[in-house]
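1. sharing a sequence plus its predicted fold:
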Amino acid sequence: MSTKEGVLLLSGGLDSATVLVMAQAEGWTLHGLSFDYGQKQSVELQHAKRLAAHYKLASHTIFNLDLAQFGSSALTDTAIEVPKNRSLQAIGAGIPSTYVPARNTVFLSLALALAESRDLRHLFLGINVLDYSGYPDCRPEFVTAFTALANAATRAADGGAAYQVHAPLIDKTKAQIVVQGLALGLDYGMTRSCYDVVEEGRSCGACDACILRLAAFAEVGEVDPAPYV
């Protein structure tokens, strides 16, 4: 077992790509795990594959998991429209319809299973609490709780090797995340954050994810290289 090897939840978006380059800069070997979970913006998986290949991840698994059959989220349910053109204040108030029930809990559980099967003890993900619509599974309390679960519910941890969940962006603003990625040479044109990607893989520019992303690039005086309509 390598002490600097772990599983990375890789969505193809800005945050997980930033965690990827941060971890590699610190000498970590990463196994990417992405999910085809019935999301409308499945184009993100193309970018996850691109990132995994470009950064030469040790492995990259795309797990098929149909959360769309549960519905109740604008990201998976065709009957629910993705919110558009909301103010930053509105985005930061309450939990939006783009919340996917228990998504990060499910994803991290599968990342834990993959890690245990490969005798790894480290899980990486790109959640952050400050700029991300108040999702309950993007909070420090969630990371702490899941770490406790991982160390209570696995044979590997029972054998004395503790799991660690790494969420290095948890207390950073989206602008700080962009600065971090740019400093490490990340080409954000390789990522997509949009909740409603349109023709030719271009971002809509109007959903919450696009608004937060564009605002972050503007704040740091940079132009987002991702294509928009």
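-> Perfect, thanks for sending it.
2. verify the stated contact: Cys146 with Val106.
-> Quick fix: residue 146 is Phe, not Cys. No. At 11.1 Å, Phe146 does not count as touching Val106 under the criterion of C-beta atoms under 8 Å. (Glycine included, C-beta is placed from N, CA and C.)
3. pick out whichever of the two has more residues nearby.
-> Shown here are Phe146 and Val106; by other C-beta atoms under 10 Å, Phe146 has more neighbours (22 against 16).
4. as a check, name the ranges of all strands in the chain.
-> 5-9, 29-36, 59-64, 122-124, 164-166 (DSSP state E).
5. what angle sits between the third one and strand 29-36?
-> Put plainly, it is strand 59-64. Strand 59-64 runs at 20 degrees relative to strand 29-36, counting by axes from the mean of the first three to the mean of the last three C-alpha atoms, to 10 degrees.
6. His122: neighbouring residues, count only.
-> Counted with other C-beta under 10 Å, His122 comes out at 21.
7. distance of it relative to Asp158?
-> 18 Å (C-beta to C-beta, to the nearest Å).
8. same question for Gly12.
-> Counting by C-beta to C-beta - Gly12 and Asp158 are separated by 34 Å.
9. compare the two and say which is more crowded by neighbours.
-> Between Gly12 and Asp158, Gly12 has the larger neighbour count (other C-beta under 10 Å), namely 24 against 10.
10. now do the contacts for that one.
-> Contact analysis of Gly12 by C-beta atoms under 8 Å, 6 or more residues apart in numbering lists 34, 44-51, 191-192.
11. avg pLDDT for stretch 15-33?
-> Model confidence over stretch 15-33, given as mean pLDDT, is 98.
12. for that stretch, buried residues please.
-> 15-24, 28-33 (16 or more other C-beta atoms under 10 Å).
13. where does this protein have its least confident helix or strand?
-> Within the chain, no helix or strand scores below helix 88-91, which has a mean of 86 by mean pLDDT, DSSP states H and E.
14. what packs against that one?
-> helix 208-219 (3 or more C-beta pairs under 8 Å, 6 or more residues apart in numbering; DSSP states H and E).
15. quick one: average pLDDT of the helix it packs on?
-> Per-residue pLDDT over helix 208-219 has a mean of 96.
16. what is that helix packed up against?
-> helix 88-91, helix 174-183.
17. just those helices: most buried one?
-> helix 174-183 (a mean of 19; mean count of other C-beta atoms under 10 Å).
18. please report phi then psi for the residue in the chain sticking out farthest from the centre.
-> In the chain, counting by C-alpha atoms, centre = their mean, Gly159 sits farthest out from the average C-alpha position, at 29.7 Å. Note on Gly159: its backbone torsions stand at phi -80, psi 0 [degrees, to the nearest 10].
19. Ala111 versus that one, what's the distance?
-> Taken as C-beta to C-beta, the span from Gly159 to Ala111 is 19 Å.
20. show me where pLDDT drops low in this protein?
-> Where the chain drops to pLDDT under 70, the residues are 1-2, 131-133.
21. for it, what spans make up the helices?
-> With DSSP state H as the criterion, the chain has helices at 14-25, 43-54, 88-91, 103-117, 140-152, 155-158, 174-183, 208-219.
22. can you redo these as TSV with distance to Leu75?
-> Below are the helices of the chain laid out as TSV (distance: least, C-beta to C-beta, whole Å):
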stretch	distance to Leu75
helix 14-25	15
helix 43-54	10
helix 88-91	15
helix 103-117	9
helix 140-152	18
helix 155-158	32
helix 174-183	19
helix 208-219	10
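23. perfect, that will be all.
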